[in-house]
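Participant: Pasting the sequence and the predicted model now:
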Amino acid sequence: MNTAREKLLKALRTTAAASFNASKRLEMHDKKLTRLTAFASAYVIILTILPYFVKSSTEVTDLYNFTTVVFSIVILISSLLQYSSNNIVNSEQHHRSGLEMNELYRLLLLEGEAIDRAALSDFTTRYSAILQKYSINHDQIDYRKVLLERPEDNPWMSRAMRAGIRFQIARNNATPDLFLICITILIVVMIWHSIAPQISSWIWWHSK
């Protein structure tokens, strides 16, 4: 009976932690998509008005127009991804699931090791009911993060396994930000390429 109780406690603890991880991950991903959309929109505006302030050749203007189209596609894709993924709603469901799992976990702890078979069966039924109530599943990365957060429960994990999970988490978190960094560098280079000759001319003219 104690073994069954410990297994249920571990299942509750792990599932709750994975649900909270999923909630944080989805919320963070939604914020990153929002930031990507906002910055890409700002870059489109900058590239649209820049030719009115900086005289450029036809080739450079065409490059601006092409880049504006690319950024517009980025905005469309990120907006569609954000809308279709429904991250905020799913994040809230994961959070509520984690809260209910934690509450059931605490109640099971209060029962103590002397819990009888009927009570343990009732807790198992309630655990299954919570799983069915929140039909969304967390990703494997959320569970793997739990393995890192609870090394005392997973002594079998090697350093290589932990390093691999950390790499997966970092890659998953960095994707939208990495894309934003790339398009930011691109627009900075384009703007500098446009204004640098005029700055040089202005410096040469005033140094005469």
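Facilitator: Yep, it's here.
Participant: all contacts plus neighbour counts: C-alpha atoms, from now on.
Facilitator: Will do.
Participant: Within the helices and strands, which one has I88?
Facilitator: Remark: I88 resides in helix 87-111, with elements defined by DSSP states H and E.
Participant: Please compute how far that helix lies from its chain's middle.
Facilitator: Mean C-alpha position of helix 87-111 versus that of the full chain (Cα atoms, centre = their mean, to the nearest Å) differs by 20 Å.
Participant: Tell me the buried residues in that helix?
Facilitator: Under the neighbour-count criterion of 16 or more other Cα atoms under 10 Å, helix 87-111 has 87-88, 90-102, 104-105, 108 buried.
Participant: ok, the nearest residue to I130 once chain neighbours are set aside to S135 distance?
Facilitator: Closest residue to I130 apart from its sequence neighbours, by Cα to Cα, 6 or more residues apart in numbering: S97 at 6.9 Å. As judged by Cα to Cα, to the nearest Å, S97 and S135 stand 10 Å apart.
Participant: and the residue most central in space within the chain, what helix or strand is that in?
Facilitator: Nearest residue to the geometric centre of the chain (Cα atoms, centre = their mean): H29, 2.8 Å. Per DSSP H and E, H29 falls inside helix 2-53.
Participant: swap in M157?
Facilitator: Using DSSP H and E, no helix or strand contains M157.
Participant: how far is stretch 128-141 from where the chain is centred?
Facilitator: Worked out by Cα atoms, centre = their mean, stretch 128-141 lies 19 Å from the chain centre.
Participant: what about that stretch, start to end distance?
Facilitator: Start to finish, the residues bounding stretch 128-141 are 22 Å apart (Cα to Cα).
Participant: Mind checking the pLDDT average for that stretch?
Facilitator: Per-region confidence: stretch 128-141 scores 85 on mean pLDDT.
Participant: buried residues in that stretch?
Facilitator: For stretch 128-141, by 16+ other Cα under 10 Å, it's 130, 138, 141.
Participant: Name the residues that touch the host helix or strand of the first one?
Facilitator: When secondary structure is defined by DSSP H and E, I130 falls within helix 117-133. Contacts of helix 117-133 from elsewhere in the structure, counted by Cα atoms under 8 Å, 6 or more residues apart in numbering, are 1, 5, 8, 12, 97, 100-101, 104, 108.
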